[in-house]
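A.B. asks: Based on what follows, work out the 3D shape:
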Amino acid sequence: MSSARRSVTLVERSVSARQKAHRDRGARAVKTIKLGTCILRLDEPRVMGIVNNTPDSFSGDGIGGDVALAVERGMAMFSEGADIVDVGGESTRPGAEPVPADIETRRTVPVVERLGASRPGRVSIDTMKPEVAEAALFAGASMVNDVSGLRNDRMIQVVAEHDAAVIIMHMLDEPRTMQRRPRYRDVVEDISSYLSDRIEAAERGGVNARKIMVDPGIGFGKTLDHNLEILARLREFKALGKPLVLGASRKAFIGKLTGRPANDRLGGSIAAAVIAVMHGADIVRVHDVGETVSALRTARAIAGVLPKTD
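C.D. replies: Residues are numbered from 1 along each chain as shown. The predicted structure follows:
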């Protein structure tokens, strides 16, 4: 056998082994997640509300560091039907500059503390920084939403030490550079491979395997076509055997499709959320909680009486 053919065969075996691992994980898919003292059942789609306590959120909903207003918004989301509220203090829009950890902590931890006291186990911290995550977990968060995909070993350690739930998301590079000509061999396969690697790293580092979720990262280093293909092929990520989170709310690809500014993308956001759930998403991360909850309940009721097709 030639050296070139031998190399191809080794690659094919590696891909085959990875696909088998994905299938094995899929057979053991998590049906519930323990969040502190709460159990989040995944027998129906769940909604995660977004609270951006930043002055520069891409979506036009940044609160600007006002803790009281952020708490008020989070409480309103719970009242509208949010199962989880995700609190962030650093913009991850394309081109965004990093925020120092102390500023991010001041923007988020007091919000987490007050929301967590009201809804124990139902608050998530949206951060890439281990020190911010740890402060939020001590303050009452039960979940870490890490858009950098647990690339930082210290973040894995923090999540493991607190027995926290975690969302591992795919992002190319970092927010400042992620939209500079993103390319993939196969966008779904490449992202699945990345997420599989990060799942393995998390589990090796002691993270509870039953508390890991994955997010393909709509808009984080993807073109319009990439985002549409991810949504169309979303069910393929279920092979990873982890609950699937999808955040498409108000994203730029919706603006490209509709011509609407970020704060006027409700229709497109709801359409994306419904399609995501139809294609396997367990949790959708949204800005407009009440409207999304109503849309998902309606879609689920209709789907429940539709005739089954092959």
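
A.B. asks: Show the subsequent helix or strand relative to the worst-scoring helix or strand of the chain on mean pLDDT.
C.D. replies: Scoring the helices and strands of the chain by mean pLDDT, DSSP states H and E places helix 3-27 at the bottom, with a mean of 48. Once the chain leaves helix 3-27, the next helix or strand it forms, by DSSP states H and E, is strand 32-35.

A.B. asks: which stretches of the stretch 151-300 of the chain have low pLDDT?
C.D. replies: Counting by pLDDT under 70, the ranges of the stretch 151-300 of the chain that qualify are 174-178.

A.B. asks: Recalculate using a threshold of 80.
C.D. replies: By pLDDT under 80, the low-scoring segments of the stretch 151-300 of the chain are 173-181.

A.B. asks: Kindly provide the whole-number mean pLDDT of stretch 92-107.
C.D. replies: For stretch 92-107, mean pLDDT is 87.

A.B. asks: Then stretch 41-56?
C.D. replies: Per-residue pLDDT values across stretch 41-56 average out to 91.

A.B. asks: Alpha carbons of that stretch, as CSV, please.
C.D. replies: Output of stretch 41-56 as CSV, limited to C-alpha atoms (Å, rounded to 0.1, in the frame of the first residue of the first chain):
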residue,chain,number,x,y,z
ARG,A,41,-36.8,17.9,32.1
LEU,A,42,-36.1,17.9,28.4
ASP,A,43,-39.3,16.1,27.3
GLU,A,44,-40.4,19.4,25.8
PRO,A,45,-38.5,22.4,24.4
ARG,A,46,-37.1,24.8,27.0
VAL,A,47,-36.5,28.5,26.7
MET,A,48,-33.5,30.4,28.0
GLY,A,49,-33.9,34.2,28.3
ILE,A,50,-31.0,36.5,27.6
VAL,A,51,-30.0,39.4,29.9
ASN,A,52,-27.1,41.4,28.5
ASN,A,53,-25.9,43.8,31.1
THR,A,54,-23.6,45.6,28.6
PRO,A,55,-23.6,48.9,26.8
ASP,A,56,-22.8,47.4,23.4
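
A.B. asks: Now do the helices in the stretch 51-200 of the chain.
C.D. replies: Ranges of helices within the stretch 51-200 of the chain are 67-79, 101-118, 130-139, 153-161, 187-204, based on DSSP state H, counting those that start in this stretch.

A.B. asks: residues in contact with the first one?
C.D. replies: If I follow you right, that is helix 67-79. 49, 51, 53, 63, 85, 87, 107, 110-111, 114-115, 118-119, 122-123, 289 (Cβ atoms under 8 Å, 6 or more residues apart in numbering). In this view, the C-beta of every residue, glycine as well, is placed from N, C-alpha and C.

A.B. asks: G267: how many residues sit nearby?
C.D. replies: 13 (other Cβ atoms under 10 Å).

A.B. asks: Could you report the neighbour count for the nearest residue to it once chain neighbours are set aside?
C.D. replies: Nearest non-adjacent residue to G267, counting by Cβ to Cβ, 6 or more residues apart in numbering: T258, 7.2 Å away. T258 is flanked by 14 other residues according to other Cβ under 10 Å.

A.B. asks: Other residues contacting the top strand by length along the chain?
C.D. replies: Identified as the longest strand of the chain according to DSSP state E is strand 46-52. With contacts defined as Cβ under 8 Å, 6+ apart, strand 46-52 is touched by 40, 59, 61-63, 70, 73-74, 77-78, 80-88, 91, 111, 124, 126, 245, 247, 249, 282-287, 289, 292-293, 296.

A.B. asks: go on, stretch 158-171?
C.D. replies: Stretch 158-171 is contacted from outside by 33-35, 92, 124, 130, 133-134, 137, 141-150, 178, 191, 194-195, 198-199, 202, 205-208, 211-217, 220-221, 245, using Cβ under 8 Å, 6+ apart.

A.B. asks: that older thread, so what strands line up beside the longest strand of the chain?
C.D. replies: strand 84-88 (parallel), strand 283-286 (parallel) (DSSP bridges).

A.B. asks: how about the longest one as CSV, C-alpha atoms only?
C.D. replies: I take that to be strand 84-88. What follows is strand 84-88 as a C-alpha-only set of coordinates in CSV (Å, rounded to 0.1, in the frame of the first residue of the first chain):
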residue,chain,number,x,y,z
ILE,A,84,-33.5,29.6,32.6
VAL,A,85,-32.1,33.1,32.4
ASP,A,86,-28.6,33.6,31.1
VAL,A,87,-26.7,36.7,32.4
GLY,A,88,-23.8,38.2,30.5
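
A.B. asks: Tell me how far it lies from the chain's centre.
C.D. replies: The gap between where strand 84-88 is centred and where its chain is centred comes out at 11 Å by Cα atoms, centre = their mean, to the nearest Å.
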